[in-house]
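> Take this sequence and fold it.
(one chain, ligands or ions: 2)
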Amino acid sequence: MTFYACNKDAVSSGSIVSNGAVSITSIVQSKFLSAVTISTSGSGSSSSITLKSNGLPNHKTPYWGSGNALYEPFPTGHAPNVNTDMTAQTYAMTIPTNPAEASSKEATSLGEIGMALNGVPLFNDREGGNVSLDAMTLTTFDYSGAHPAPRKNYHYHTTGRYTSVDDAKLIGFLRDGFPIYGRKDTTGVYPTLDAYGGHFGPTQDFQTGIYHYHSSNVNYLNTGYYILKAGSYYGTKGTFTN
Ligand SMILES: [Zn+2]
Ligand SMILES: [Zn+2]
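Ligands and ions are numbered 1, 2, ... in the order given. Got it, this is the predicted structure:
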């Protein structure tokens with residue numbers, strides 16, 4: 001507690017403010033849905049949490065296929081590309097219980113960079129070939145800013161109906177163990193973010209403050225979709241197997 005009593009000074013002086021003092025374990029255990037299996041290992045600062053899921057969404061999307069109870073049509077003008085359906089995966093994401101800033105920041109890459117509270121993986125702003133998402137690709141998104149990749153692995157690139165729409169909702173956790181929220185802070189303002197798309201401060205889940213990411217507040221290609229996370233991790237990334 002002593003550390004956090006002076007966190008504002010730490011922020012203003014540019015010091016490292018998320019040095020592993022905050023544990024995410026209880027929030028992870030209470031916020032992830034039952035579709036995600038949670039286990040912990042190790043003790044102290046070297047502890048880790050493993051989250052396992054099948055990656056299938058608990059909400060409506062056209063990718064369930066017509067006839068399914070969770071089927072809904074695409075947004076107007078949208079349609080699937082070659083990846084027309086999704087199947088269950090075998091995901092395991094292992095993250096530190098006490099995330100800390102990395103001394104050397106690593107870029108996020110194509111593929112899974114985190115997990116939403118329902119077990120669906122989060123992707124960055126890249127697509128096959130490691131190129132930025134283009135307008136054509138965005139027309140394959142459902143209302144949740146998601147679509148399947150060639151492995152039939154459904155994933156979120158942007159905010160949307162399920163994760164967050166212009167609010168301060170907890171979306172999930174990235175592979176470095178830091179949480180990611182919607183575009184707003186709990187105070188209702190759009191925060192000023194650092195080069196990694198985050199900042200230090202209180203959230204509804206971590207009242208004394210933690211480093212956390214926010215979704216981008218840029219209307220991507222003027223499509224109404226907002227990228228969840230681009231660029232580098234703030235902390236040291238854990239593993240994500242599939
Ligand atoms: Zn994608
Ligand atoms: Zn914030």
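
> Around ligand 2, which positions in this structure sit nearby?
Within reach of ligand 2 by C-beta under 5 Å from the ion, the chain has these residues: 185, 191, 201. C-beta coordinates here come from the backbone N, C-alpha and C atoms, glycine included.

> In strands, which of those residues fall?
residue 201 (DSSP state E).

> Now render the residues of the chain next to ligand 2 as a markdown table, adding distance to residue 91, neighbour count and pLDDT.
Listed next are these as a markdown table, based on distance: C-beta to C-beta, whole Å; neighbours: other C-beta atoms under 10 Å; pLDDT from 0 to 100:
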| residue | distance to residue 91 | neighbour count | pLDDT |
| --- | --- | --- | --- |
| 185 | 29 | 18 | 97 |
| 191 | 30 | 17 | 97 |
| 201 | 30 | 18 | 95 |
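
> Could you single out the nearest of the residues of the chain next to ligand 2 to residue 24?
residue 201 (15.4 Å; C-beta to C-beta).

> which residue ranges form the helices in this protein?
2-5, 7-13, 25-31, 135-138 (DSSP state H).

> Where does pLDDT dip in the chain?
1-18 (pLDDT under 70).

> all strands for it, in order.
Under DSSP E, the chain gives strands at 37-41, 48-53, 91-96, 114-116, 121-122, 126-127, 131-132, 146-148, 154-156, 170-174, 179-181, 198-201, 210-214, 239-241.

> Residues contacting the first one, please?
Residues from elsewhere that reach strand 37-41, judged by C-beta atoms under 8 Å, 6 or more residues apart in numbering: 25, 28-29, 32, 47-53, 97.

> Quick one: work out the angle between that strand and strand 91-96.
Here strand 37-41 runs at an angle of 40 degrees relative to strand 91-96 (axes from the mean of the first three to the mean of the last three C-alpha atoms, to 10 degrees).

> what pairs with strand 37-41, and is each one parallel or antiparallel?
strand 48-53 (antiparallel) (DSSP bridges).

> Residue 121 is in contact with residue 240, correct?
Yes: at 7.4 Å, residue 240 counts as touching residue 121 under the criterion of C-beta atoms under 8 Å.

> Among those two, which residue is more densely surrounded?
Applying other C-beta atoms under 10 Å to residue 240 and residue 121 shows that residue 121 carries more neighbours, namely 25 against 20.

> What distance do you get for the residue nearest to the more buried one when sequence neighbours are not counted to residue 65?
Nearest residue to residue 121, sequence neighbours excluded (C-beta to C-beta, 6 or more residues apart in numbering): residue 112, at 4.1 Å. The gap separating residue 112 from residue 65 is 23 Å, by C-beta to C-beta, to the nearest Å.

> What of residue 123?
Taking C-beta to C-beta, one finds residue 123 at 22 Å from residue 65.

> likewise residue 198?
Taken as C-beta to C-beta, the span from residue 198 to residue 65 is 37 Å.

> Between the two, tell me which one has more neighbours.
residue 198 (24 against 12).

> I am assuming that one contacts residue 216, so please confirm or correct that.
No: the pair residue 198 / residue 216 is not scored as a contact, 11.2 Å apart, by C-beta under 8 Å.

> Give the full set of residues in contact with the nearest residue to residue 235 once chain neighbours are set aside.
Leaving aside its chain neighbours, residue 235 sits nearest to residue 176 (3.1 Å; criterion: C-beta to C-beta, 6+ apart). Residue 176 makes contacts with 95-96, 99, 102, 233-238, as judged by C-beta under 8 Å, 6+ apart.

> now, which of these sits nearest residue 181?
residue 234 (13.7 Å).

> So the closest one sits against residue 178, correct?
Yes: the pair residue 234 / residue 178 is scored as a contact, 6.0 Å apart, by C-beta under 8 Å.

> circling back: so for residue 240 and residue 121, which residues contact both of them?
With C-beta under 8 Å, 6+ apart, residue 240 and residue 121 have common neighbours 91, 112-113, 115.
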